[in-house]
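Enquirer: Mind looking at a prediction? Sequence and model below.
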There are 2 protein chains.
Amino acid sequence: MSDAQHDRDAPETARKVRTMEEFAEVSGISRPTVSKYFHDPDSVRKTTRSKIESALEQYDYRPNIFAMNQNRKATKTIGIVVPYLADPFFAEIVRKIERLCIEAGFWPIVFSAHGERSLENDALATLQSLRPIGALIAPLGRSSDFESVQQFAEEVPTVVFDSNVNVGAAFVGSDNFQSIGLMVDYLCRTGEPPCFFEMPPVNPNANKRRDAYRQAMERLGHQPQVIQVEGSGWEFERIGLEEGMRLISERSLPSDSILCSNDRLAIGLLAAAYQKGLRVGHGPGCALRIAGHDDHPWSRFTCPPLTTVSQDYTAIAERSVEMLFELIAGGAPPARRREVLFDGKLVLRASA
Amino acid sequence: MSDAQHDRDAPETARKVRTMEEFAEVSGISRPTVSKYFHDPDSVRKTTRSKIESALEQYDYRPNIFAMNQNRKATKTIGIVVPYLADPFFAEIVRKIERLCIEAGFWPIVFSAHGERSLENDALATLQSLRPIGALIAPLGRSSDFESVQQFAEEVPTVVFDSNVNVGAAFVGSDNFQSIGLMVDYLCRTGEPPCFFEMPPVNPNANKRRDAYRQAMERLGHQPQVIQVEGSGWEFERIGLEEGMRLISERSLPSDSILCSNDRLAIGLLAAAYQKGLRVGHGPGCALRIAGHDDHPWSRFTCPPLTTVSQDYTAIAERSVEMLFELIAGGAPPARRREVLFDGKLVLRASA
DNA sequence: TTTCTAATTTTACATGGGTCAACTTTCTGA
DNA sequence: TCAGAAAGTTGACCCATGTAAAATTAGAAA
């Protein structure tokens, strides 16, 4: 008793608290209750909670993550897998997702496939052995190992975003048909109907965008013209630049309005136009109009600033996380796969 | 015996192997030896190894990560902490570091502070409770909670890169004095001596670069002129654009040659110049020369392409990892803190 | 073969909490 | 003031693997 009293008055701050057992002792609470507290601070009585929290300030104890997860039926881990973290679209969206997970008391952990199938597989395997309570994944798409992704999604509650492979309990992404339609409309109304500039598709979005372009052009009574340049990998800007230089030199662009499959390709093409001395924009004296898709973080800093159609990053991140939480809370996956598509918004800047 | 024989001939592939115990049984090896195998496949006899590996093919068992780390003195985890993962410099360097760690049989795990002190602290705390065998961290710098970083580095073998706060067993980064000197030399030799464009420094690099600029200018007998614009956060391009627009409007740039503290600021400034109708470059008819620092992945796609000085991403990544491995192997940290600085190389493009 | 050594097996205990059941204490509200 | 409910305590067992010591065995050299 007097010992306890003494401890409260002059805590031995030097003493290191390593285990929950020890921490329970110094805070005067039993270990199971302390365990309960760390699982959910609201599940214990207020007085108990404050006792624990004041002890926490003095001893800065943190439960051992491995021991915690070892035996829990559901961990607090949420896996996030993206195809390419150096792409600012994914960097941004991951940032938002991470924050939302942390706020909800989960522990997000990020993996990037770095554009490679084998690394995507590794990431999924590693993640799976972490026994996450759920996962948010943006698959590589075309180069994904479909079986691996499928198998993963069967084991862990999964929301797929960005790239819609038919896997997992839900998908959240952009409505490419709407957004491309919007842009094609705009470009046709304000100048020459656009051609479509793309590289070999890396994922379903790329395919959908091309199809959406064709469809929109036909709807408006124009002849679609798709230019598919060569190139692979994730260095889209380089492909846009190099192939753009070639096309301009050869004068083989079928229209002076060019709709690019994505902003990064457009950024490369803008650079090509600049280097070839072609003025880009919608004003008089401009030789080319260039538009993109995504509203990448950089696209407002290009020369000229890029006209594009925005993907709603925030909405995609929030809705994805929301659906994952529903999935986690609901227990069983919903009867049929849900798909949420967000509309894009036209972002008019100087390039088209 | 006959049972074992039977198993070898017709393995029950359907049967799920969940624990090492079960796996040891089906592979005909004792559990401790299997454990040893997973710790280091070369530590067991060749015949044993092949037995395990053939069993592995049939049952695809993976040891439970949590249980593995729970009891190991040294985990295989290597923590990577960066200030801002949406910055392509860090995205790239993380990519390289991750790969090197994986190849060496470690398990890299990435955290981003997203530019915020509290998140950096969280990341360090979380990482620490993962008991990593080592860590590679690029601190926020000015907004880092120095004590947290210090305390972290005392507990886990740490190599600091990019931003040199005086913590950890080693530092790997760029020699800002060399690289800025190089650029100032070049700019002075080929045109008007540059002014220096910066924002309030976020880390030691920013300070060193300004000082290096001053020193280089004085060495060459010119008057240094530093323009520090306002702005905070990590949206460097926006700051460069907005403040650039203002400076150009006010005609308050003291020189037509501008050396920016980093490429991202330069990219914003380039956009400002473009929007103000100022031609940037070193040729005739150009009103402004703009140079950056870092050779960011985007800087070759700006209009005009950005003259800059490269940081050797590969060298920094490799050397950091190498030093961490030495640190891990060596046991005790070296007597005195080691610092490795790489030289920058001039990257001449069209902007200056 | 014999012998020696390195590898493996056995056995047993450690790790740091999760979780459960049976009680006991504290709080609430009438 | 007192009953019932809510929360906390105790004690015990579980999880999946690490690790160490002692006993055994396989492989290689002599």
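Expert: Sure thing, it's come through.
Enquirer: Now do the strands in the stretch 1-150 of chain A.
Expert: A:77-82, A:107-112, A:134-137 (DSSP state E, counting those that start in this stretch).
Enquirer: Walk me through which strands the shortest one pairs with, and which way each runs.
Expert: It stands for strand A:134-137. Here strand A:134-137 has these sheet partners by DSSP bridges: strand A:77-82 (parallel), strand A:158-161 (parallel).
Enquirer: ok, now the second one?
Expert: If you go by DSSP bridges, strand A:107-112 pairs up with strand A:77-82 (parallel).
Enquirer: The partner strand near DNA strand C at all?
Expert: No: using Cβ under 7 Å from any atom of the strand, strand A:77-82 stays clear of DNA strand C, coming no nearer than 13.1 Å. The way it works is simple: take the backbone N, C-alpha and C, and place the C-beta from them, glycine included.
Enquirer: so how many other residues sit close to the closest residue to A:Val44 other than its chain neighbours?
Expert: Leaving aside its sequence neighbours, A:Val44 sits nearest to A:Tyr37 (Cβ to Cβ, 6 or more residues apart in numbering or on different chains; 5.0 Å). Using other Cβ atoms under 10 Å in any protein chain shown, A:Tyr37 has 23 neighbouring residues.
Enquirer: Just put the strands paired with strand A:134-137 in TSV and tack on mean pLDDT, distance to B:Phe111 and mean neighbour count.
Expert: Output for those, formatted as TSV (pLDDT from 0 to 100; distance: least, Cβ to Cβ, whole Å; neighbours: other Cβ atoms under 10 Å in any protein chain shown):
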stretch	mean pLDDT	distance to B:Phe111	mean neighbour count
strand A:77-82	94	12	26
strand A:158-161	96	21	26
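Enquirer: Near DNA strand D, which residues of chain A are found?
Expert: Counting by Cβ under 7 Å from any atom of the strand, chain A comes close to DNA strand D at A:28-33, A:36, A:43-45, A:48, A:70-71.
Enquirer: are any of these buried, and which?
Expert: By neighbour count, with 16 or more other Cβ atoms under 10 Å in any protein chain shown, those hold A:29, A:33, A:44, A:48, A:70 as buried.
Enquirer: Which two of the residues you listed have the greatest separation?
Expert: A:Thr48 and A:Gln70 (25.0 Å; Cβ to Cβ).
Enquirer: thinking again about what came up before, could I get the strands of the stretch 1-150 of chain A as JSON lines with distance to B:Pro297?
Expert: Formatted as JSON lines, these follow (distance: least, Cβ to Cβ, whole Å):
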{"stretch": "strand A:77-82", "distance to B:Pro297": "17"}
{"stretch": "strand A:107-112", "distance to B:Pro297": "15"}
{"stretch": "strand A:134-137", "distance to B:Pro297": "24"}
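Enquirer: quick one: which of those is nearest B:Ser174?
Expert: Closest to B:Ser174 of the strands of the stretch 1-150 of chain A is strand A:107-112 (Cβ to Cβ; 24.3 Å).
Enquirer: And DNA strand C, is the closest one touching that?
Expert: No: contact of strand A:107-112 with DNA strand C (Cβ under 7 Å from any atom of the strand) is absent, the minimum separation being 12.7 Å.
Enquirer: Contacts for that strand next, please.
Expert: The contact list for strand A:107-112, computed with Cβ atoms under 8 Å, 6 or more residues apart in numbering or on different chains, reads A:75-86, A:90, A:94, A:97-98, A:101-102, A:119, A:123, A:126-127, A:130, A:132, B:95, B:98, B:109-110, B:126.
Enquirer: tell me which element A:Leu265 falls in.
Expert: Of the helices and strands defined by DSSP states H and E, A:Leu265 is found in helix A:263-275.
Enquirer: now that helix and helix B:263-275, what's the angle there?
Expert: On the basis of axes from the mean of the first three to the mean of the last three Cα atoms, to 10 degrees, helix A:263-275 is oriented at 60 degrees to helix B:263-275.
Enquirer: those helices in the stretch 151-300 of chain A, which residues are they?
Expert: Taking DSSP state H, counting those that start in this stretch as the criterion, the stretch 151-300 of chain A carries its helices at A:176-190, A:204-219, A:236-249, A:263-275.
Enquirer: any idea which of those helices is most buried?
Expert: Ranked by mean neighbour count, those are led by helix A:263-275 with a mean of 27 (mean count of other Cβ atoms under 10 Å in any protein chain shown).
Enquirer: how distant is that one from the center of its chain?
Expert: 24 Å (Cα atoms, centre = their mean, to the nearest Å).
Enquirer: same question for that helix, mean pLDDT?
Expert: Mean pLDDT, computed over helix A:263-275, is 97.
Enquirer: near chain B, anything from that helix?
Expert: Yes: applying Cβ under 8 Å from any Cβ of the partner chain, one finds helix A:263-275 in contact with chain B at A:267-268, A:270-271, A:274-275.
Enquirer: got CSV for those residues, with distance to A:Gly240 too?
Expert: Shown next, in CSV, are the residues of helix A:263-275 next to chain B (distance: Cβ to Cβ, whole Å):
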residue, distance to A:Gly240
A:Ile267, 6
A:Gly268, 2
A:Leu270, 8
A:Ala271, 7
A:Tyr274, 12
A:Gln275, 12
